[in-house]
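Engineer: Just to be clear, the model below is a prediction. Sequence and coordinates:
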Amino acid sequence: MAVFMDLNLSYTADKSRLQSLIETAAHLGYSTVAINYVFEPTVKRKQETPVPTPIKDLFDKLPIVQGRSRPIRVLNRLTVVLTDSGYFKPSAPEYRAFDLLAVQPTSEKKFHSACMNLDIDIISLTVTEKRPFSIKRAPVNGAVERGIVFEVSYSAAIRDSTMRRYTIANAVCLMETCKGKNVILSSAAEKPLELRGPYDISNLGLLFGMSDGDSKEAVSSTCRSAVLHGETRKTACGIIKAMKTCSDTSSQQEAPPAECDAPAAKKLKQDE
């Protein structure tokens, strides 16, 4: 049985609306959702970064919403808008509190940096307007090798016909470059009516130029890979130390007696 995920539910300070979003996602068949907070860092590093409250602290008690088989899992996600005037350091303590770290590049330079250098989980592409830069194959392949996924959101296409045309055109362009691999489809929904079921989103992937298998993975296994990548980013750090083993020590201790036996044998031969 496939495990479906929507890794982009728009953050809102209205607790009742946020809970309604989570409940609707659970009823549609999603087992995991991520509450996404978007912000743009400033160039002044001394200024305090407006980091949102984690979802687990937003409610007095995290609402347990029953899905089809088990309670739905709610994750924290932060999306940083990368501009030329912004300052972004993924290893900063304020960013490590989130389960998923995504960036939204606004220029080709920032897109190349996100693909090749930044320690992130998701690259979110703006698909509701004309792209300010072209998506090249080299940085996309670099991001795929590093386990980073690309995100296409569909809720804006529901609101406006112009945004719908841009969404389809930009998504098709991305699929032609990355061949439909390492792509997740999410909602970016602001209200429950903008959510769609996982099988509807799989069919939407076919419209974007994805294969049947890739479109199903875009709401299941690829999302799971992004979540695991986020867990690894937060916890995988350590030191490797090389030490001599017992077998190496014993072999070195046995070597000198073998060398000492040779002169003794030679002396015995001379006495004879």
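Structural biologist: Arrived safely, thanks for sending.

Engineer: Can I get stretch 14-24 in CSV? Just the C-alpha atoms.
Structural biologist: What follows is stretch 14-24, C-alpha atoms only, in CSV (Å, rounded to 0.1, in the frame of the first residue of the first chain):
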residue,chain,number,x,y,z
ASP,A,14,-5.6,30.7,12.4
LYS,A,15,-5.5,27.5,14.4
SER,A,16,-8.9,26.3,13.3
ARG,A,17,-8.1,26.7,9.6
LEU,A,18,-4.8,24.9,10.0
GLN,A,19,-6.5,22.0,11.8
SER,A,20,-9.2,21.9,9.1
LEU,A,21,-6.4,21.6,6.5
ILE,A,22,-4.8,18.7,8.3
GLU,A,23,-8.2,16.9,8.8
THR,A,24,-9.1,17.3,5.1
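
Engineer: For the stretch 1-150 of the chain, just list every one of the strands.
Structural biologist: According to DSSP state E, counting those that start in this stretch, the stretch 1-150 of the chain carries its strands in the segments 4-10, 30-39, 73-82, 100-105, 122-124, 149-153.

Engineer: Contacts only, for Gly230.
Structural biologist: By CB atoms under 8 Å, 6 or more residues apart in numbering, the contact list for Gly230 reads 99-101, 121. Using the backbone N, CA and C atoms, a C-beta is placed for each residue, glycine as well.

Engineer: Could you dump the residues you listed into TSV with neighbour count added?
Structural biologist: Below are these laid out as TSV (neighbours: other CB atoms under 10 Å):
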residue	neighbour count
Asp99	23
Leu100	25
Leu101	22
Asp121	27
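
Engineer: Sort out which one of the residues you listed lies nearest Ala92 for me.
Structural biologist: Ala92 has its nearest neighbour among the contacts of Gly230 in Leu101, at 10.4 Å by CB to CB.

Engineer: Let me know the pLDDT of the closest residue to that closest one other than its chain neighbours.
Structural biologist: Nearest in space to Leu101, with sequence neighbours left out and distances taken as CB to CB, 6 or more residues apart in numbering, is Ile120 at 5.0 Å. Note for Ile120: predicted pLDDT of 90.

Engineer: okay, now Ile120: neighbour count?
Structural biologist: Using other CB atoms under 10 Å, Ile120 is surrounded by 26 other residues.

Engineer: start the count at 890, not 1, going forward
Structural biologist: Fine by me, first position is 890 from now on; the one you just mentioned is Ile1009.

Engineer: Is it correct that it is in contact with Pro979?
Structural biologist: Yes - here Ile1009 reaches Pro979: they are 5.9 Å apart, a contact under CB atoms under 8 Å.

Engineer: Which neighbours do these two have in common?
Structural biologist: Any residue near both Ile1009 and Pro979 by CB under 8 Å, 6+ apart counts here, and that gives Leu990.

Engineer: thinking again about what came up before, format the strands of the stretch 890-1039 of the chain as a markdown table; extra columns: distance to Ala1003.
Structural biologist: Shown next, in a markdown table, are those (distance: least, CB to CB, whole Å):
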| stretch | distance to Ala1003 |
| --- | --- |
| strand 893-899 | 17 |
| strand 919-928 | 15 |
| strand 962-971 | 7 |
| strand 989-994 | 5 |
| strand 1011-1013 | 5 |
| strand 1038-1042 | 10 |
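
Engineer: ok, Phe977 - contacts?
Structural biologist: Contact partners of Phe977, counting by CB under 8 Å, 6+ apart, are 930, 969, 971, 992, 1007.

Engineer: mind listing what the third one touches?
Structural biologist: Read it as Leu971. Neighbour list for Leu971: 977, 992-996, 999, 1002-1003 [criterion: CB under 8 Å, 6+ apart].

Engineer: Tell me the bridge partners for it.
Structural biologist: Note on Leu971: beta-bridge partners by DSSP bridges are Pro994.

Engineer: need the helices for this protein, in chain order.
Structural biologist: Listed in chain order, the helices of the chain (DSSP state H) span 904-917, 944-947, 997-1005, 1026-1034, 1044-1048, 1050-1067, 1087-1096, 1101-1106, 1110-1124, 1135-1160.

Engineer: Select, out of those helices, the one closest to Arg1020.
Structural biologist: Nearest to Arg1020, of the helices of the chain and by CB to CB, is helix 1050-1067 at 5.9 Å.
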